[in-house]
Structure formats: structure tokens, C-alpha cells
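**Q** quick check, what structure comes out for this input:
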Amino acid sequence: MNHKRVAILISGGGSNMVELVKSMHGDHPARAVLVLANSADAGGLKRARAMGIATDFVDHRPFKGDRAAFEARLCDVLQQSAPDILCLAGFMRILTPEFIAKWQGRMLNIHPSLLPKYRGLNTHKRALEAGDSEHGCTVHEVTGALDDGPVLGQARLRVRAGDTPDTLSARVLKLEHQLYPAVLKRFAAGDKTPALLP
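**A** So this is what the prediction gives:
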């Protein structure tokens, strides 16, 4: 089987990355070839190495004010592993339209809200403040607009009385760990129809 090659970009502990890597076995149409972080101390790098996945990092701090140079270095590292698909999994750097254009149609992101609601940060707090009865997460294709590409999958939960941003975040994260691998498997097989988890 000719597997799709997947690079996963992270900034922190990489819990979604771990679930993606664990899912890519057996008849899965893709395999993880690289976990790339924007900091040497991202906790997910150690976790990826423990699973036998190649890792690298490009520290964004020396590139302060020069996003193009940072992204050029990212591209250099990515090209060495020749991925077919990029998965953003808690990668906390905003990417330029120029970088995104190079990977158009091949880059996925997971976002902790039911897009198009609550693009950007503090999604759980914003959902609670709005009095929403349900909340969840979305996997989407990445485009030049923030959290705005075609939706590839969503998972929902009911907001409970007494929920806080922290409790909601923890429950949504469990949904992310189910949704992202499910969508990646379909996407790698060429299926872009939206997946909906209850």
C-alpha cells in the first residue's frame, strides 16, 4: 500500500498528535513521517520520539519580525520528509497566506469550537458567555483566512450547568482525540465529505 506521508506541527504537549500517530497503522491510508515544533522544549517532541517518529523544530523566536524567514526554514525542514499532508495539532503560530498556498488542499487543522462560531482564541469562555447549549470542535482545511477553511468534520457535546472554560475544554479535548483521527483517515483516502460525530 502506498501510504500518504503526514507531517504534524505542534507547539505544546501534542495530545492530538499522539492520537493521530496512534491511529495511523494497519489499513490506515497514511503514516506519520515527522513531528515538527516551533520550540525545542515542546513536550510533544519527546512523546513523538518515544513512538518512533522523526522529530525536528524551528524555534520561532530568532525570527521575531520576520515571519517569511521562519516559514522558509519550516519549508526546508518539511521538504526533507516530503509529506503529502500537513496536520496542525496545537501549532500556535499564525501562518501567512504564502505558506498556506504551498500546501493548499493538503493542510488540516483542529479548532475547539463549532466553526464558523468562535474563530481564534478563548473559544470555551466565549461559548459559555454566549449561553450556548452545545459546543464542540471542528477539523477544517486551512486557508488564508483564520479558522475559515472548508469543514471536514465536527463533534458536538451538550454544555452542562456549572461548566467552566476548564471543564468544557477537557471534555472538548476528548472529542478532538476522536474526531481528528477519523477525519484524517477519510481525508488521506480522498474523502472530503464532512464527518459528523454525535
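
**Q** doesn't R31 fall inside a strand?
**A** Yes - counting by DSSP: H, G, I helix; E, B strand; the rest coil, R31 is part of a strand.

**Q** what's the spacing between the closest residue to it other than its chain neighbours and K125?
**A** Take R31 and drop its neighbours on the chain: the residue closest to it by CB to CB, 6 or more residues apart in numbering is H3, 4.4 Å away. In this view, the C-beta of every residue, glycine as well, is placed from N, C-alpha and C. Distance, H3 to K125, using CB to CB, to the nearest Å: 39 Å.

**Q** for the residue nearest to R31, what are its contacts?
**A** Going by CB atoms under 8 Å, 6 or more residues apart in numbering, H3 touches 28-31.

**Q** neighbour-wise, which one of the residues you listed leads?
**A** A30 (21 neighbours; other CB atoms under 10 Å).

**Q** pretty sure that one is touching N2, no?
**A** No - A30 is beyond contact range of N2, at 10.5 Å (criterion: CB atoms under 8 Å).

**Q** can you report how many residues lie near the nearest residue to R93 once chain neighbours are set aside?
**A** Closest residue in space to R93, ignoring its immediate chain neighbours: N38 at 5.4 Å, by CB to CB, 6+ apart. Using other CB under 10 Å, N38 has 20 neighbouring residues.

**Q** who's in contact with the residue lying closest to K185 once chain neighbours are set aside?
**A** Distances taken as CB to CB, 6+ apart place H28 nearest to K185, at 5.7 Å, with adjacent residues excluded. Shown in contact with H28 (CB under 8 Å, 6+ apart): 3, 185, 188.

**Q** tell me the secondary structure at H28.
**A** H28 is classified as coil under three-state DSSP.

**Q** any idea how far R186 is from it?
**A** 11 Å.

**Q** identify the residues contacting L168.
**A** 124, 127-128, 135, 159.

**Q** of those residues, grab the buried ones for PyMOL.
**A** Here is the PyMOL command that selects only those of those that count as buried (16 or more other CB atoms under 10 Å):
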select buried, resi 124+127+128+135+159
